[in-house]
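> I'd like to go over a predicted model; first the sequence, then the structure.
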Amino acid sequence: MGIIGWIILGLLAGAIAKFLLPGRDPGGLIGTTLIGVAGSFIGGWISSRWLDRPISTEFYDGATWIAAIGGALVLLIAYRIFFGDSRSRR
């Protein structure tokens, strides 16, 4: 799977993470999407590095999707914790 495939997987994983974690995000749609992509890359890296689960080269591997969605969820939660109240102060 090439870099375009990873970006598409990240976009879809970010959208799924946003669906599982509804609410207002301080970054808006574009910021949330980019955080989802970054989170999916981080989730895949953690999965391959410390969980001894190599990332598959197949787009439809379940473990790859779970790692991507999990990483996106963690990054979205952290983003909300650190920057969640930035819009409410205006």
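Nice, thanks for sending it over. As the structure is a prediction and not an experimental result, all values here were calculated from the model.

> all contacts plus neighbour counts: C-alpha atoms, from now on.
Noted.

> report how many residues lie close to F19.
The number of residues packed near F19 is 10, by other Cα atoms under 10 Å.

> can you tell me the centre-most residue of this protein?
When Cα atoms, centre = their mean is applied to the chain, the residue found nearest the centroid is A72 (2.1 Å).

> who does the host helix or strand of it touch, helix- and strand-wise?
Taking DSSP states H and E as the definition, A72 sits inside helix 62-83. Other elements packing on helix 62-83 under the criterion 3 or more Cα pairs under 8 Å, 6 or more residues apart in numbering; DSSP states H and E are helix 3-20, helix 28-50.

> right, so of those, which gets closest to Y60?
helix 3-20 (9.5 Å; Cα to Cα).

> quick one on the thing from earlier: report the buried residues of the helix holding A72.
64-77, 79-80 (16 or more other Cα atoms under 10 Å).

> closest one of those to F41?
Of those, the one sitting nearest to F41 (Cα to Cα) turns out to be A68, at 6.6 Å.

> looks like the closest one contacts L12 (just checking).
No: applying Cα atoms under 8 Å, one finds A68 not in contact with L12, separated by 9.2 Å.

> sorry, back to before: ok, of the helices and strands packed on helix 62-83, where does mean pLDDT dip lowest?
The minimum mean pLDDT among the helices and strands packed on helix 62-83 belongs to helix 28-50 (a mean of 78).

> taking helix 62-83 as reference, get the angle to that helix.
Helix 28-50 runs at 120 degrees relative to helix 62-83, counting by axes from the mean of the first three to the mean of the last three Cα atoms, to 10 degrees.

> thanks again, I'm all set now.
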